[in-house]
Each structure stands twice: as C-alpha cells, then as structure tokens.
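Sequence and predicted structure are below.
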Amino acid sequence: MKPTGAANRRPSSLAGNPIGRTRPGLDVPHFHLLFRGSCVSVSDWDCRPSESSPGGVETSVNHAMAFTRRGLYRKHVDGREVLADPATVVFYPRWEEYRISHPLPGGDRCLDLVVDDEALDELARPAAADAGRPFAGTHGPLTPRGALLARRLTATLPLGDAVEIEETALGLAAEALRARSAAREPGVPHTAVSHRRAVGRATLALCARFREALTLEVLAREACYSPYHFCRIFKRETGLPVHRYLNRLRLLAALESLDQGVDLTRLAISVGFSSHSHFTSAFRREFGAVPSRILRRLATLRLDQLPELQP
C-alpha cells in the first residue's frame, strides 16, 4: 500500500479520512500521521508484504507525493509500471486507481506528502501543469536538493515547529515538481516500452545490489543490451549516467543514516563505497559539501541557504 493523502485545508478535500486512501486485503502497512498542518500533511508508511505479486486496487483520495526511504515497490497504473526506488518521487493524483507490488523482499518505507489544493496549484504553475491536475507525469527524479529537503523534513518533524515543518514540506514539494518538469521524456514511441522495461530490470538490480561491487557488464546483462547501448538508454530514461545513479542510491542510503557521531568509514563501506575518501568525494559532488558540513546545514541554516544543485 502506498501513501495517497491526508488532511487538506479545504473541507471539500478532507475525504473524512486522514489516511486518505483505500485498500482491500490483509497486508496493511504501519501508518503514522506525523504532521497535519494548515496546508500540508506528512505521513510515514512502512509496508512489509507477505507476497511479491500486485495487491488489490487502491485509490488515492488526495494529490500526494511519495518519497521512498527504504526498499522499493512497483506502482501499476493504466498498463504501466513505475519502479519507486529511493532516487524516484512517485505522484498519486486524486482518485487514481492503481495496484502495488514488491519485486524484492523486505517491502518499503515511504514518506508521504500531501499539499492542499490551493498551495499545490500555485507550486505546480511554474511546471506548466493544468489547474486541478498538478502532476505532469507518474514520477520524477529525487534531486540532491530534494534529498536534502526530505532529510531536513524528517529531522524537523520531531521538533514540532509547525512553521518550519510546513515551509520545508512546501520546499520539498516545489522541488519535486520542478525536477519532474525538467526531466526528459523517455524514448521514441516504438522503442519506449522496451527501453523502459530494460532500464527497469537494471534499476531493480541496482537497488537490490547497490552495496556490492557491481560492473557495467552485469547491469547490461540484466537489461539484455550491450554495455554501450545500455548506457545510452539508461541515461535517456533516467536522466543520469549509470554510475551516478548507482552512487545516488548509495548516497541516499547513507543520508538516511547520517547523524552526529556516526562512524563515516563504517557507513561508507556499508553502502558500497571502497573507502572513507571515496565516500566523502562522492558526497561532496552530489550534495555540495562534505557530510559534517551538510549535517550542520540541515540543523541550522534556512532553506534558501541549502545548495542549489543540479539533478
């Protein structure tokens, strides 16, 4: 089950249910409504299904965005499959019906963000979305700035400062919409489906094995293409080279565990980097600063002082 909405400022969009969606079946995830403010709500979902096949039909009752913090899942909608890994933001338009499957054991954990209609329409306007239809696609990339905002949000929630929480959440939503608008559309029509499926297979392997010492040949074999052709279609479909996507998965896993006093060498090795220096160098390239400085920024600086980073 995926996050699909909670409270909305307008009474007509409350739907009478803070969970904000329906689902048949027994594998109901652990749900926690972490924050319910004047214009945003934030929820935590921890789903550990007993089987990998798609579940029953679920319905979104509010426009929502899901940020995967651990594991991954597939969203099945309108004959398409969206792989929701930690490097991807998944959009849930209101009243959309979909199904969820878990191709890897362990399920997933997600942060669910719902912004009320008035604020969401304003945020979506720069992305050229239609009024009432704020999402220009099914999913988009989680940029480095988006990752820092999501990490800032999870750190801010326990403090209970409603203004800071809502400001951070709105910044995160705006970044997710901006990144989706800037993302390139995949493939030409006659090859788009086969390329998307090939990249999906390789991405699944990346998510399952990002902590290992992977090779391009192994990943290309998963996609059933030559290494050269695989690199081309992977970048076209995801917007990133293979090595950067792999590093992003590793760095997002590290960012989730990053805290004061953490052993950076042990953390680096645990997420797949060969050394502390390799990890620190990759972290600086991705987030604009070394881990210790990012920790200080997340704790003390205003949102407009976070690094302006490219996708």
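Yep, that arrived. Numbering: from 1, shown residues only.

What's the separation between the residue nearest to L258 when sequence neighbours are not counted and C224?
What sits nearest to L258 in space, not counting adjacent residues and going by C-beta to C-beta, 6 or more residues apart in numbering, is P291, at 5.9 Å. Where C-beta positions appear, they are placed from N, C-alpha and C, glycine not excepted. If you measure P291 against C224 using C-beta to C-beta, to the nearest Å, the figure is 37 Å.

What of T168?
For T168, the distance to C224 (C-beta to C-beta) stands at 42 Å.

Same drill for these two, tell me which one is more crowded.
A direct count of neighbours by other C-beta atoms under 10 Å for T168 and C224 places T168 higher, at 24 against 13.

Report all helices and strands that the helix or strand containing the more buried one contacts.
Using DSSP states H and E, the element containing T168 is helix 162-182. Under the contact definition 3 or more C-beta pairs under 8 Å, 6 or more residues apart in numbering; DSSP states H and E, helix 162-182 sits against strand 30-36, strand 40-47, strand 64-71, strand 88-92, strand 108-115, helix 117-124, strand 139-141, helix 144-156.

CSV for the ones you listed, including distance to G55 and mean pLDDT?
Below are the helices and strands packed on helix 162-182 laid out as CSV (distance: least, C-beta to C-beta, whole Å; pLDDT from 0 to 100):
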stretch, distance to G55, mean pLDDT
strand 30-36, 15, 88
strand 40-47, 10, 92
strand 64-71, 15, 95
strand 88-92, 15, 95
strand 108-115, 13, 94
helix 117-124, 27, 89
strand 139-141, 19, 93
helix 144-156, 26, 93
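
Out of these, flag the one nearest R180.
strand 139-141 (3.0 Å; C-beta to C-beta).

Not counting its own residues, what contacts the closest one?
82, 84, 87-91, 176-177, 179-180, 183, 238-240, 311 (C-beta atoms under 8 Å, 6 or more residues apart in numbering).

Just among those residues, which is most surrounded?
Within the contacts of strand 139-141, A176 tops the neighbour count with 28 neighbours, counted by other C-beta under 10 Å.

Quick check: closest non-adjacent residue to it.
That would be V89: by C-beta to C-beta, 6+ apart, it lies 4.6 Å from A176.

what's near enough to touch the one you found?
Contacts for V89 (C-beta under 8 Å, 6+ apart) come out as M65, A66, F67, H139, G140, P141, L142, G146, A176, A179, R180.

hey, what's it bridged with?
Judged by DSSP bridges, the bridge partners of V89 are F67, G140.

For P144, grab the count of nearby residues.
Other residues within reach of P144, judged by other C-beta under 10 Å, total 24.

And it, how far from E256?
P144 is 14 Å from E256, by C-beta to C-beta.

Repeat that for R69.
Going from R69 to E256 by C-beta to C-beta gives 6 Å.

Also K75?
Using C-beta to C-beta, K75 is found at 21 Å from E256.

repeat for L153
Using C-beta to C-beta, L153 is found at 12 Å from E256.

Those two - which one has more neighbours?
L153 (24 against 17).

so what's the more buried one closest to, chain neighbours aside?
Nearest to L153 is T168, by C-beta to C-beta, 6+ apart, at 4.7 Å.

Am I right that that neighbour is in contact with R152?
Yes. In this structure, T168 is within contact of R152 by C-beta atoms under 8 Å, at 5.4 Å.

just to revisit the earlier point, export the helices and strands packed on helix 162-182 to JSON lines and tack on distance to Y245?
Output for those, formatted as JSON lines (distance: least, C-beta to C-beta, whole Å):
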{"stretch": "strand 30-36", "distance to Y245": "29"}
{"stretch": "strand 40-47", "distance to Y245": "24"}
{"stretch": "strand 64-71", "distance to Y245": "14"}
{"stretch": "strand 88-92", "distance to Y245": "10"}
{"stretch": "strand 108-115", "distance to Y245": "18"}
{"stretch": "helix 117-124", "distance to Y245": "26"}
{"stretch": "strand 139-141", "distance to Y245": "9"}
{"stretch": "helix 144-156", "distance to Y245": "13"}
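
Contacts for stretch 241-256 next, please.
Contacts of stretch 241-256 (C-beta under 8 Å, 6+ apart): 69-70, 85-87, 142, 144, 147-148, 151, 202-203, 206-207, 210-211, 214, 216, 219, 230-231, 234-235, 238, 240, 267-268, 271-273, 279, 282-283, 286-287, 291.

per-residue confidence averaged over that stretch?
If you average the pLDDT over stretch 241-256, you get 96.

Buried by neighbour count: which residues of it qualify?
Buried residues in stretch 241-256, counted by 16 or more other C-beta atoms under 10 Å: 242, 244-256.
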